[in-house]
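S.K.: Structure here, sequence nowhere to be found:
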């Protein structure tokens, strides 16, 4: 089992550019989560999907953020246009079920720096 | 308001001594409680959970946690600390918000185990 795979590991971009973060969940998991980690705000849930359908996107900070899950094995988080305050580590996680009875399995994250 | 708190930013322990990392919570209904650990440049890893049943929960790497309903606490413990236990530890609780289950994380406690 390769675990949750995120790419890229690091992304440095200039303000105003589009950024796309990618995630491959663990095969067989039907829930996928995007979290953001910063020193100031800790871990924040941005959005989660159940069976590829977005369930709760109330944590998405602004319309500049969007997420998709076109199939069970792939999800993207897009920021357009990016701003320096978006600099953070973005984590994708997956789990067997959405009820939180089963643990979340996290990827190693994408460290985003917007200059 | 539903929340989870980790009152200590950092805990320092000598190798071989017992360790405790504190967590308190405030939720409506029965709590689902979790501990995760984060090593540098890695995603969070699940340690243990309490859903129901025995108040003392055993998890990975020799860690355990005690659920105390009257004190609304779920402290993480280990009888004998190892230097390799040094990491960032997160307590998390499932809450119902806006009609959806969410997993919210505490701010994290950095554990430093000294030789």
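M.R.: The structure has been received and is ready for your questions. This is a predicted model, so every value here is computed, not measured.

S.K.: contacting residues for the residue of chain B found nearest chain A?
M.R.: Closest to chain A within chain B is residue B:43: 3.0 Å, counting by Cβ to the nearest Cβ. From N, CA and C alone the C-beta is placed, and that goes for glycine too. Neighbouring residues of residue B:43 by Cβ atoms under 8 Å, 6 or more residues apart in numbering or on different chains: A:4, A:91, A:93, A:106-109.

S.K.: for residue A:6, same thing?
M.R.: So residue A:6 contacts A:21-24, A:90-92, A:107-110 (Cβ under 8 Å, 6+ apart).

S.K.: How about residue A:24?
M.R.: Counting by Cβ under 8 Å, 6+ apart, residue A:24 has contacts A:4-6, A:73-74.

S.K.: Columns secondary structure on top of those, output as a markdown table?
M.R.: A markdown table is the format used below for the contacts of residue A:24 (DSSP: H, G, I helix; E, B strand; the rest coil):
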| residue | secondary structure |
| --- | --- |
| A:4 | coil |
| A:5 | strand |
| A:6 | strand |
| A:73 | coil |
| A:74 | strand |
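
S.K.: could these be laid out in JSON lines, adding pLDDT?
M.R.: As requested, the contacts of residue A:24 are exported to JSON lines (pLDDT from 0 to 100):
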{"residue": "A:4", "pLDDT": "97"}
{"residue": "A:5", "pLDDT": "97"}
{"residue": "A:6", "pLDDT": "98"}
{"residue": "A:73", "pLDDT": "95"}
{"residue": "A:74", "pLDDT": "97"}
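
S.K.: my guess is residue B:28 contacts residue B:1, does it?
M.R.: No: using Cβ atoms under 8 Å, residue B:28 is not in contact with residue B:1, being 10.0 Å away.

S.K.: so which residue of chain A comes closest to chain B?
M.R.: For chain A, Cβ to the nearest Cβ, closest residue to chain B: residue A:106, 3.0 Å.

S.K.: Can you name the residues that contact residue B:48?
M.R.: B:34-35, B:57-60, B:63-65.

S.K.: If we use 7 Å, what do you get?
M.R.: Residue B:48 makes contact with B:35, B:57-60, B:63, B:65 under the criterion Cβ atoms under 7 Å, 6 or more residues apart in numbering or on different chains.
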